[in-house]
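Novice: Dropping a prediction and its sequence here:
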Amino acid sequence: MEWIVSLLFGYALGSVPFGLILTRLTGAGDLRAIGSGNIGATNVLRTGRKGLAAATLLLDLGKGLAAVLIAWRFGAQAAGFAALGAVIGHCFPIWLRFKGGKGVATLMGVALGLAWPIGLAYAVTWLGVLALTRVSSLGGMSAAVIAPIAALATGHEAFVPVLVVLAALVIWLHRANIGRLRAGTEPRIGGSKSA
């Protein structure tokens, strides 16, 4: 039963929409009516409040990390299911009619919680690609893809399946971004278009 509890716990924690909560509390409006309508940190940045975006990023990362670290009490399998639940919860929160974020920050949190080398590889890839291209979606997708590779390369093979599933989910949620990348119309950080 531990894996079921871990999955549901991860989902419940992951589904807390920090971006939406913070923008409402600070009078920045309904985040779902701004930019892309996404509840993640990239869209919060479009409110013009960098501090709020940073707080959203850290909280979204933190909920993924917390879900996995707590589930570790029941073992590696439970941690993996908590990781799965947390990212799914962020992307498809029941409270928002299953319309959430794209999972990039929360996936970084669960990667760190599963094994720090995976989280480190994720962070370096995400920040590195973002610094080079200033394209948020490209950085996030690249990091998601590197996570299962890093797990395999660092001896954490048990987490490869869940990380492959989560990478596929992140990429699927970015399908519109992929279309814009191909067309050369994907916005860079600081732009006003949807992402």
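Specialist: Thanks, I have the structure now.

Novice: Following the chain past the helix or strand bottoming out on mean pLDDT in the chain, name the next helix or strand.
Specialist: The weakest-scoring helix or strand in the chain, judged by mean pLDDT, DSSP states H and E, is helix 41-45 (a mean of 78). Next helix or strand after helix 41-45 toward the C-terminus (DSSP states H and E): helix 50-71.

Novice: Show me what secondary structure element comes after that following helix.
Specialist: Taking DSSP H and E as the definition, the helix or strand right after helix 50-71 is helix 76-91.

Novice: by contact count, what packs against that following helix?
Specialist: The helices and strands touching helix 76-91, judged by 3 or more CB pairs under 8 Å, 6 or more residues apart in numbering; DSSP states H and E, are helix 2-14, helix 50-71, helix 104-114, helix 160-173. Placement of C-beta: from N, CA and C, glycine included.

Novice: What's the mean pLDDT across the second one?
Specialist: By that I understand helix 50-71. Regarding helix 50-71, the rounded mean pLDDT is 93.

Novice: How about the first one?
Specialist: The pLDDT scores in helix 2-14 average 94.

Novice: ditto for stretch 82-100
Specialist: 93.
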